[in-house]
Structures are given as C-alpha cells and as structure tokens.
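*Asks:* turn this into a structure:
(chains A and B)
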Amino acid sequence: MNSNSASSMRGLTQYIADLRACRVRELEEKRINKEMAHIRQKFKEGQLDGYQKKKYLSKIVFTYILGYQVDIGHMEAVNLIASTKYSEKQIGYLAITLLMHENSEIVRLVVNSIKKDLDEMNEVNNCLALHAIANIGGKEMAEALAGDVHRLLISPTSKTFVKKKAALTLLRLYRKHPEVIPAEEWATRIIAIMDDENLGVALAVTSLIMTLAQDHADAYKGSYQKAVNRLNKIVIEDDYATEYVYYKVPIPWLQIKLLRLLQYYPPSEDSNIRTAIHNVLETIINNSQDAPKNVQHNNAQNAILFEAINLAIQLDTESTVVAKAAVLLGRFILSRETNVRYLGLDTMAHLAACADSLEPIKMHQDTIILSLRDKDISVRRRGLDLLYSMCDVTNAKVIVAELLKYLQVADYALREEMVLKIAILTEKFATEYPWYVDTILRLISSAGDHVGEEVWYRVVQIVTNNEDVQEYAATKVLEHLKSPSCHENMIKVGGYILGEFGHLIANEPGASPIEQFHALHSRSHLCSQPTRALLLSTYVKWLNLFPEIREQILYVLNRYRHVLDAELQQRACEYVALAEMPGDSLLQAVCDEMPPFAERSSLLLSRLHRKHGDTEDKRTWIIGGKEANKDREEARQASLSKGIANGGAMPIGDTMATLITSDRQPANFTVNANGASMLPTSSSQSDILSGLEGLDMNSAPSLTTPPGESSEILSAGRQPLIPRGSSPEVSPSIVATATPAAPLRLTPGAGKFFQRLCFVQEGILFEDGQLQIGLKTEYHGHMGRLALYFGNKISANFSSFTVSVKSLEPEALVVTTPRMATNTLGGMTQVQQVVHVECKDFFTKPPLLEVSYLAGSMQELALRLPVLLTKFVEPVQLGHSDFFERWKQIGGPPRETQKIFPFRLGQTGDIDVHRQRRLIGGARMQILEGVDPNPVNAVGAGVLHMSRGGKVGCLLRMEPNKEAKLSRLTVRTTNDLVSTEVLRILVSGLGSEQEKL
Amino acid sequence: MIRFILVQNRQGKSRLSKFYVPYDDDEKVRLKGEVHRLIAPRDQKYQSNFVEYRNYKVVYRRYAGLFFCVCVDANDNELAYLEAIHLFVEVLDAFFGNVCELDLVFNFYKVYAILDEVFLAGEIEETSKSAVLSRLDYLEKLD
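*Replies:* Below you'll find the predicted structure:
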C-alpha cells in the first residue's frame, strides 16, 4: 500500500530533497527564502488552480515544520478548505491546524467553512472538519460548533468514524471550555453510546465520559453499570470483534479505560455489580500468572493487570483479589525487566497508600530499599515513593536511615524531594525526641543546599512548640555548629534555637554563653545577608539572657551599624538603641520567649503536594500514607456530592501522628509540654482524634457551609433526622455523600399507577405508546422481590435498553438489581428484570427506577417504584383485649399520630367500608374484627420489619363520619417516625385527591 | 491525556510533532530540546521506557534511529501508551511498507493524516490496525 504517485507532488519532493542537501544552515535559509519569495509572487499573481495551491501550501507547511517562521499562506489555506477534492481539503486543513492558534484572527473565517463541512452528508468531510476542531478548538469554535459536534455524535445515521471523532472532539471542547457544553443535559444520551457495537466508538466515548464523570459524577452514574457490563462481555464472555484483538489481548485500551472509570466512583452498593467486578478482576489476575514471551502481548496484558490491581485496591484492600495481587507485585519488583519493576513499585505504593495493613509490603522492604540503587532514575523515584508510603512507626528508623544514606549519592533532581520526604517521615513517626532531633539535624547538615526553607522553618516550629525537646536540640545544634564544616541552613537553625533556648544549656561544659557566641559568630562572615540579620536578632536575645557577654555583643552590633546593607544596618542601630536604654524592661519584653506557633497544616506537606503535577484525568490516589488518601477521599466525596470539578487539587490535611501534635491547637501543646505523650500513649491517641475532628471540618465543606446552602442540601434528598435505633456509624459524612444533587425529574403520567400500586401487589407501573412496564411484588419480613416486566409495544427494536434502580436512602433501603441479560429489547417482545429490596432502617423515599433506550431517538423514563415502609409490614392477628392492652402501652403522642381528613363517599352515598378495608389491608395491616363495636370503623395491626432497625409494632384505628365526610385516623406504633409515615401513607390512599403520595 | 507526541531522530531533529495543548512556538522548541536531552542518553537495556518530565511523564520507545515519545499525565497508564506507540508504528510500517525515517520526511502530510486516525484530542482514537489501514486506503483512493 505504498503512496501512489498521483497524490504526491513532485515540486514538493524536489524542495524537500534540496533542503536535505543543504549542508549548512545558511544554504538552507537561502533556499527557503528563494522558495518563499517565489510562492509569494505566485500567490500575488493569483489564478492558481487547486493543485498548485496545494503544492505551495505543502511547501509552506514543510518550512514551518522545519522550525522557520512563515507569514504567508493563511488565506490560501482558508480557500483550500472549501475545495471539493479530498487531497486539497486535507492540505488546507493541515495548514490551518499547524499555522493557526486557537486565538488566531483567521479562526473566525474558518468557522463557517468548518460548519459547512460538518453539516454535509459526506462523512469524509465531516471527519476533516472534526479533526480541525479537535486540533484548534478555541472558545469561538466551541460556542459555534459544539452543538453540531454533539449532533454528529448521537445521530443514528453517523458512521462509526464520525462518531469516534465527534466524541473526542467534544472531549477537547469540554476540556477547554466546559461552560459551553451542557454536560448534564446530554448525559443519558452520551452514556447510551457506551453500548455501541463498534469497540472503537465505545473507546472514544469512554474517554469522553471519563472526563465528564469527574465533574458531573451524579449525572454520569449510569456509566458505572455500563462499564461493568462491557468488561464482563470482553473479559468473561469473550464477546468482541476479532479485529480489536491486539497481540492476543482484546482491546486492552478500552479495558484499561473502563477499569479506570470504575475507580472514579465509590464502590457500588449493589452486590450483583460487586460480584461482577470481582469476577472480572479475578479473571484478569488469573490470566496474568504467566508472562508471555512476546513483548507486545506481555505489555498489553500487564497494562490491564496493573489497572485491575488499582481498581481492586480502590474497592477493598482486604479482598482476596488484592491479596493475590500483592503476591504478584512481590514478584514484579524482582523482575529483570525494568518496566515491570517500575510498575510493580508504583502499584505497590498505591497499595501502601490505601491498605490497612502494611505487612504484605514490609516483607519486601529489603528489595524496595535496593531499588534506590537501580540503574534507572525512574525506578529509583518509584522506590522512593514506595518507601515513603510504606513507612510507619515500626520501620521508620530503618527507612529514614536508608534514605539519609542514599541522599548522599542521589541524583540532584531527586534530592529536594527526598529531603522533604525524610523530614516528613521523621516528624510523623518519631517516638522519641532525640531521634527526631538527631535525624533532622543530620539531614540539614548533609543535604545542604537541597534543604528548602520549609524544612528548617518546620524544625524551628517543632522545637519551639515542644518544651521537652528544647534543651536537647540546643545541645545538638551547638555540636553541629562546632564541627569543621557547617552549612548555612544549620547556622540559621542554630541561630534561632540558641537564641531562644541557649540559656537552657548555658551551664553545661562547652556551652557557656561565650562559647555559644563564638560558635555562631565565627561562621557569620561566610553567611548571606538574611542569615546575618537572623544572627543579629540572636545576639540581641542573648543581650537579655546573658549579661556576661554584653560587651562582645555590643561590639559586634556597633560594627554592624556601619555596614553597607540597609537591613543589617537598621537592625544593628535599633538593637543597640534597645540595649542602651535605661532599664531592661523593654528589652525583656521584646526578647520574651516566642509563643508556640499556631500553624494549621504542615508546610512540608503543602510543599510536597505542590510538586504533584496537574493532570487532566484526576488522580485516584496520592503518594503517602493512608491518612493522606483518606482525607483526599473525603474531600473528593464532598465535592463529588456537590458536583464540583476536583481536578487533583485537594485540601492538605495535617498528618501528624505519634509525637508532634502540638502546633495544631494550644490545648494539645500543654499535653505535650507535660511530657505525657513521649510515646504513643492513650493521651496522644486522643490528640490524634481531636486532630482528625478538625480535619473533618476542613475536608467536608458541605457540612460547614452557610445555613442556606446546607438546608438546601438536606432538603434536596434526605430525611434530616437520623432515626431512633439506627446504628451509630451513620456519621455526618455519609449524609453529605448520599445526597443526590440533581432534583428528581419524574416522568409525568405515572402518578396514578404508582398510587394504586402502593396498596396492591401487582399491576401496571407505566404505559405509553411504545412501552409498558408491569410489576409483581412479594414481600417477606424486611425482604422484598420485585419483578418488572418491560414490554416493547412497537415492531422496532429498542437498543441500549438500560434499567437502573437506585435507592434514595441507600443506608436504610438497599436495592440490588441483577444485570440484564441483554441491552436490546426486540420489537413486540417482553423482558423481565428482578429487583431485590431490603429494608434496613426507617425510610420515606421510594426508590427510583430509571429506564432509557434508543428507539429512533433517546427515550428516558424516571419512575418511583412503589416500595414504601408499609410494604415491610407483616399483618398480625390480635384479639380484643390484646389490642387494647398494646394500644394503651404505646400511649398518646409522640408515638401516636392522628389526622382528620375529608374522604369521598361510595357510589351508593354510603361509606365504602369494603374499599377502606381493602386499602388498609393493602398497607399490609391485618383488619381486626370485633374490636371496635361500630361496624364502619376499622382497626388494624401489623409489625414492621427492618433488618437493622429491628421490629416496630403498628396499630391503627379509623373512624369515618358519614355526615361530615370526614374521617379520623389514629396510628400508634412504638416509634414516632414510623407512626407519622404509616399515617401519611394511609391517608394518601384513604383521603381525597390532595393527599396523594 | 497526551500532552504532545514527538518523533525525533538520534540527533534530536523532530520528524513529527503534535501538540494537544497549546504552547507557543518558542515553548515548543524548548520542549523538543528538553525531551531529546532527557531521552537520548538513556540506556536501552537497563532503563525503563518511562521518565518523569516536568509535572508529566514521557513514555517512549526507540525504533532504529527514531525515538517515538508521548508526554502524558503523571497518573496515566504507562504501558497502555507504550503499546499505543507500537500500534502507531505498525500502522506506519504497513502503510509505507517497511517505513523508514525518510518516508516520514517526504510524506509528512500523510503522516499527520495517519496520526489523526490513531490519536485525536490527546486520546487514543482507534486501536484496530485493520480498521485504520482500510480507512487510510479508502482516503488514499479519493481524489
């Protein structure tokens, strides 16, 4: 399939050959100038045919590619786009995408031509136009063309090439100008394309959805199930087109994207989905036990494997799949192949960052430490990240010692980050002060220039805030200052610490005031101006503390009054003035001990996180320990529930652990100051907890938002009261995450079906011209089984037929939906879908059934399923005396609720006793005969079953009054919330129109 | 996502460059130089195909005298892009019939067209070699 000569341009080939023959740059420039002059002349003369324009433009483009500025050809390119010949159009578009920026003036001229090509029925031209938008994609294009691109994506007549390109073009426009794309409105329609038979289309649209789902998690929730289905099809059922097999692996790129997409959502509540994912992951891991010989095959297989492991870790670090994966990873980091070692370490760092137990990783500690000496810097970096993530109290000393050793020989590019990480680990896992001080001072003295300011600021903070460490720190820093070589950072730390705490060691041999002074001052002549300024401050503090060296200090300060540097001179003058004032009171006040720092988050962590790059697709984890990822996850969940984009930025929580908790709050400081938490004792534990409470406040902004917003969140979807008898793990964070952001948009016309089904076991749930949905239900105690029957009433197929059921109160009402066997519903056929429900606790909101399918256009339904609290009531037969005994036991309000409401008389003008009893029976209450002497009154009893909330006895009495057409209903149950809800449900059935549910 | 794709020879001359995020011309020149200096001295045998670059990472593979480099986000799947490079090279090889550096030079405008069939908007677009090749064949026959 070599390039045929008809489409090649001889003049262009000659031009390229000429340029290649130029041995020196001057000759090349000369040749180019000649050619450009020639072309400019030709353009000026005009009368060029399409071929000539194409040829000249190609030369211009080639010249541009070589790195020369070109200033001609723009207009000709615009002309060429409008050509009817593909080869000319293609060059025109190429010139435009290369020569033009998104903000170029000429873009405006091009937009119209592009629009014309988009609207044409010619798919080749559609594709060229889409390429241009995808490559230039400025704001103007986004505004003018996003709608057309979307139309091409969803049109049933679009060819696969157009769909793929339209999906990715839309992605580009969205990334650049999200405000132009109505992402939520388009969600269902775009998600449906994930079912496209063509795997190329599925791949492209999955890329699009991955980005949209990050910003609009709720709207794109449906993609989760679709991703699982597709993975199941490819991995388990071996159902894929053979042309998409890449070295024996079916479309690895799609598998990877789907596995990644699943990581963007919290693990599914639905046990069927979880099982399906588990099977997929297990199959992938089992398939990877042997390494294929072929490089491509091996890479493709591992690419999927590593993504699968990442998903497994995200789902549950304790699962058997993860245990298996950990064994594999242990093998990988010993691999001879560098790529595999690299990825093994990387994935292990993910595991370390999320796992509860680090034991499976610590087994490999020696191998990992050895990876710091790998031949490849990329591997060394991964090893460093992993050591950082796997560090805890037990191995901190070993790891930090290794890192310090390695720091001496590490690449310069790595050192700054290493210093930060060592400093963080030392601080985080220190269990005794001497170790902290020794390590951090050794770090400062050996890493020299790579010690960022944050590091020595932090040391000063910690020493200032922890009384127990001050004396030791002063001793050690003095030792370092006396050693033959000493880095300026050490002098800064020394200056500060000795200035503040030097007096604590002044009686020790070798640490007398004059010796401290000499140790510092002998170094000052080599220091930079800011360090010297700091030293002057140290001296003035000593003036206050050590009157015995007053003379020496004043001598130095006086000399500094004459230096050229303004800052130093000013300080010296002020300090001398301060020293010479009569009386010491001002000096004492000025030089008083520093108060503890009130820093909220560690400077070190913020510095480290700043080093993490910006990414289009968000990170699913970060380097670091479990807390770091937990905080991040909470922040993500919080923003997810609010539907806000969360690129990769995350609030940085303070990950203080064992020792140094003091600078968070002064209250904690006193605990430390008393020496109570030298070791991780219970009191320091409570410090950590109080610290985490503070974190929660930071990372879940929805909880601390102004009242207006929070009430909006609550009213949007959830009962604000936590029911009595619920277990304590219902924490506020769940409230925030479970809040569905979008208001319910119910399909109109289904209300009457719903109302009826609330009191009967089976019937029609919905019906229109195309689709009928029938429902049969069975309830036993707290469990229920719903069979939904979807009937296609027309002759055409429904494709991408998607059914999802979601509980609006997932903690109280659990809904599981087995996967549908097919996503196509044939003409005039019926398909059944079973839904299981479990009532765990009190709930008020019926679950939502969402159905979407393609029948020419996209059809979407949102229906309430008639699953109410009363469905979980079992009728109970009670005798007269039993009933009244219980009735009295429960007593009046709040456990009794009562309502008087209007009702309609039956057709005979009498009270329709039969209907009323049927309804009460439909609410699953047993009608008790012979309890109430008045035959029109009704009395009922039942027990509500909740798997977690337990059982609640329910009693009711209804007293209709024919004359007033009013009825009084009294409900008494052992739980006030249940009483209210049962009353509400019954009134909806028994009362007139306005009471409808 | 892919930030840019570069194909460079051992001397650092770029034979193909495609940027999916806007950089100005000077920045592009700088990027090309930096990537070349980062990749070229790396050992083929003992070093991985991945290297960190600025806040991203470069996934690269060497074919004879040419380095194919894609610069991707730090959290992207390395092997997926490594194999995407190979797929692209296989497509080029089948299209030109035993492709060599000169093919890329003389047929630069076709290479760009091929690229747009395999990668678009910084994402991989089509991974079936046969689908891409039959499409290219079809386009080649158009006038």
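*Asks:* from here on, contacts and neighbour counts on C-alpha atoms
*Replies:* Will do.
*Asks:* buried sites along stretch A:31-47?
*Replies:* Across stretch A:31-47, burial judged by 16 or more other C-alpha atoms under 10 Å in any protein chain shown covers A:32, A:35-36, A:39-40, A:43.
*Asks:* would JSON lines of those residues with pLDDT be doable?
*Replies:* Formatted as JSON lines, the buried residues of stretch A:31-47 follow (pLDDT from 0 to 100):
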{"residue": "A:32", "pLDDT": "95"}
{"residue": "A:35", "pLDDT": "95"}
{"residue": "A:36", "pLDDT": "95"}
{"residue": "A:39", "pLDDT": "95"}
{"residue": "A:40", "pLDDT": "95"}
{"residue": "A:43", "pLDDT": "93"}
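*Asks:* quick one, phi psi at the residue of chain B found nearest chain A?
*Replies:* At 4.4 Å from chain A, residue B:55 is the closest residue in chain B, using C-alpha to the nearest C-alpha. The phi and psi values for residue B:55, taken as degrees, to the nearest 10, are phi -90, psi 10.
*Asks:* quick one: it from residue B:75, how far?
*Replies:* Residue B:55 is 10 Å from residue B:75, where distance means C-alpha to C-alpha, to the nearest Å.
*Asks:* in chain B, which spans are strands?
*Replies:* B:2-9, B:14-19, B:50-53, B:56-63, B:66-72, B:119-120, B:123-124 (DSSP state E).
*Asks:* adjacent strands (with direction) for the longest strand along chain A?
*Replies:* The single longest strand within chain A, with elements called by DSSP E, is strand A:950-961. Note on strand A:950-961: by DSSP bridges, its sheet partners are strand A:938-946 (antiparallel), strand A:966-973 (antiparallel).
*Asks:* run through chain B and note the low-pLDDT ranges.
*Replies:* In the predicted model of chain B, no residue satisfies pLDDT under 70.
*Asks:* scratch that, chain A is what I was asking about
*Replies:* Low-confidence segments of chain A (pLDDT under 70): A:1-7, A:102-103, A:598-603, A:606-618, A:625-628, A:630-744, A:992-997.
*Asks:* for chain B, what's the nearest residue on the stretch 101-250 of chain A?
*Replies:* When scored by C-alpha to the nearest C-alpha, the stretch 101-250 of chain A has residue A:244 as its residue closest to chain B, at 4.9 Å.
*Asks:* wait, that residue touches residue B:126, no?
*Replies:* No. Contact criterion C-alpha atoms under 8 Å: residue A:244 and residue B:126 do not qualify, at 9.3 Å.
*Asks:* of all the strands of chain B, which one is nearest residue A:257?
*Replies:* Evaluated over the strands of chain B, closeness to residue A:257 peaks at strand B:123-124, with 10.7 Å, by C-alpha to C-alpha.
*Asks:* which strands and helices lie in contact with that closest one?
*Replies:* Secondary-structure packing of strand B:123-124 (3 or more C-alpha pairs under 8 Å, 6 or more residues apart in numbering or on different chains; DSSP states H and E): helix A:199-215.
*Asks:* can you list contacts of the helix or strand encompassing residue A:361?
*Replies:* Assigned by DSSP states H and E, residue A:361 belongs to helix A:359-362. Identification of contacts with helix A:359-362 by C-alpha atoms under 8 Å, 6 or more residues apart in numbering or on different chains yields A:326, A:330, A:348, A:352, A:390.
*Asks:* that helix: what's the following helix or strand?
*Replies:* As assigned by DSSP H and E, the chain's next helix or strand after helix A:359-362 is helix A:365-370.
*Asks:* buried set for that next one?
*Replies:* For helix A:365-370, the neighbour count (16+ other C-alpha under 10 Å) marks A:365, A:368-369 as buried.
*Asks:* what's it in contact with?
*Replies:* Against helix A:365-370 from outside (C-alpha under 8 Å, 6+ apart): A:333-334, A:345, A:383, A:386-387, A:399, A:402.
*Asks:* go again with 7 Å.
*Replies:* By C-alpha atoms under 7 Å, 6 or more residues apart in numbering or on different chains, the residues outside helix A:365-370 that reach it are residue A:383.
*Asks:* also stretch B:40-59?
*Replies:* Taking C-alpha under 7 Å, 6+ apart as the rule, stretch B:40-59 contacts A:338-339, A:375-376, A:378, A:612-614, B:10, B:60-61, B:69-74, B:78, B:81-82.
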